[in-house]
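Engineer: Need coordinates for the below:
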Amino acid sequence: MSVIKGRAAVSNESGRFEACQRFDFDDGWQVQEQPLQYKPKTEWLVDRAKTLINYNDSPDIDFDRSINPYRGCEHGCIY
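Structural biologist: As a prediction, this is how the structure comes out:
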């Protein structure tokens, strides 16, 4: 597993209360990745959002509006 310093979590280990455990093993199907020779820079982008309020029309949610100021992050989260 290659590590890029400053870029998200390196592992996803199972918790002690989980019923199943995950582990990596080499089955020969993965392409060997070359380690990066540079450190990627974090980019800050200005986002001109039109609204902060999200409208929900899902039957399993008890409210029809919520506030969600997040657009995601450098880890790939989409919130």
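
Engineer: mind listing the strands for the chain?
Structural biologist: Using DSSP state E, the strands of the chain run over 53-55, 65-67.

Engineer: what's next to the last one, contact-wise?
Structural biologist: The list of residues contacting strand 65-67 from outside it, by C-beta atoms under 8 Å, 6 or more residues apart in numbering, reads 52-56. C-betas here are computed from N, CA, C, even on glycine.

Engineer: Which one of the strands of the chain lies nearest to Gln21?
Structural biologist: Each of the strands of the chain has some distance to Gln21 by C-beta to C-beta; the shortest is strand 65-67, at 35.0 Å.

Engineer: per-residue confidence averaged over the closest one?
Structural biologist: For strand 65-67, the mean per-residue pLDDT is 88.

Engineer: Parallel or antiparallel, which strands does it pair with?
Structural biologist: Here the strand partners of strand 65-67, with direction, are listed using DSSP bridges: strand 53-55 (antiparallel).

Engineer: Compute the distance between Glu43 and Ala49, please.
Structural biologist: Per C-beta to C-beta, to the nearest Å, Glu43 is found 18 Å from Ala49.

Engineer: Tell me, how many residues neighbour Ala49?
Structural biologist: For Ala49, the neighbour count with other C-beta atoms under 10 Å is 7.

Engineer: actually Glu13, sorry about that
Structural biologist: Taking other C-beta under 10 Å as the criterion, the count of residues near Glu13 is 11.

Engineer: Next: Gln30.
Structural biologist: Gln30 is flanked by 8 other residues according to other C-beta under 10 Å.

Engineer: go on, Lys39?
Structural biologist: 10.

Engineer: next one: the one 4 residues further on
Structural biologist: The tally of other residues near Glu43 (other C-beta under 10 Å) stands at 6.

Engineer: just to revisit the earlier point, as TSV, the strands of the chain with distance to Glu13 would be great.
Structural biologist: Conversion of these to TSV gives the following (distance: least, C-beta to C-beta, whole Å):
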stretch	distance to Glu13
strand 53-55	33
strand 65-67	32
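
Engineer: Adding distance to Phe23 and mean neighbour count, write those strands out as TSV.
Structural biologist: Conversion of the strands of the chain to TSV gives the following (distance: least, C-beta to C-beta, whole Å; neighbours: other C-beta atoms under 10 Å):
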stretch	distance to Phe23	mean neighbour count
strand 53-55	38	9
strand 65-67	37	9
